[in-house]
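Chemist: Compute the structure for the input listed below.
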Amino acid sequence: MELETERLFLKLLTLAQLKLCVNNTSMLEVELNCKCGKEPTDEYFLTIINNKIKIIENDPENYGYLSFWFIIRKDDKRVVGSIDFKNIPNEMK
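Modeler: From the prediction side, this is the model:
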């Protein structure tokens, strides 16, 4: 899924793309046609991504609420950030 503004693309990462985020950033860049920068090395962030992968594997129908969205600047196709929901909606939230 992708959303677009005048200056940005917001791309929802699939399960396979999340795995590439951890294991092969250069392949992710090719697939998304963007520049991510270097491989993530922060253990805390890698743990978060790996936990999201496990959660999505157990609930693939809700991956839109569980995965990351990359914020990509249109003019140079660079990832400038990411956003995510904390969980799927429920009647209490």
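
Chemist: Only C-alpha atoms from now on, for both contacts and neighbour counts.
Modeler: Noted.

Chemist: pretty sure residue 67 is touching residue 14, no?
Modeler: Yes - taking contacts as Cα atoms under 8 Å, residue 67 lies within contact range of residue 14: 7.2 Å.

Chemist: out of those two, which sits in the busier spot?
Modeler: residue 67 (25 against 19; other Cα atoms under 10 Å).

Chemist: distance of that one from residue 75?
Modeler: According to Cα to Cα, to the nearest Å, residue 67 stands 25 Å off from residue 75.

Chemist: Ok, residue 4 next?
Modeler: Look at residue 4 and residue 75: by Cα to Cα, they are 13 Å apart.

Chemist: neighbour-wise, which of those two wins?
Modeler: Neighbours were tallied for residue 4 and for residue 75 using other Cα under 10 Å; the higher tally belongs to residue 4 (12 against 8).

Chemist: Phi, psi for the residue lying closest to the more buried one once chain neighbours are set aside please.
Modeler: Closest residue to residue 4 apart from its sequence neighbours, by Cα to Cα, 6 or more residues apart in numbering: residue 10 at 6.2 Å. Here is the backbone geometry of residue 10 (degrees, to the nearest 10): phi -110, psi 120.

Chemist: and residue 10, how many neighbours does it have?
Modeler: 20.

Chemist: Quick check, it in contact with residue 2.
Modeler: Yes - using Cα under 8 Å, residue 10 is in contact with residue 2, at 5.5 Å.
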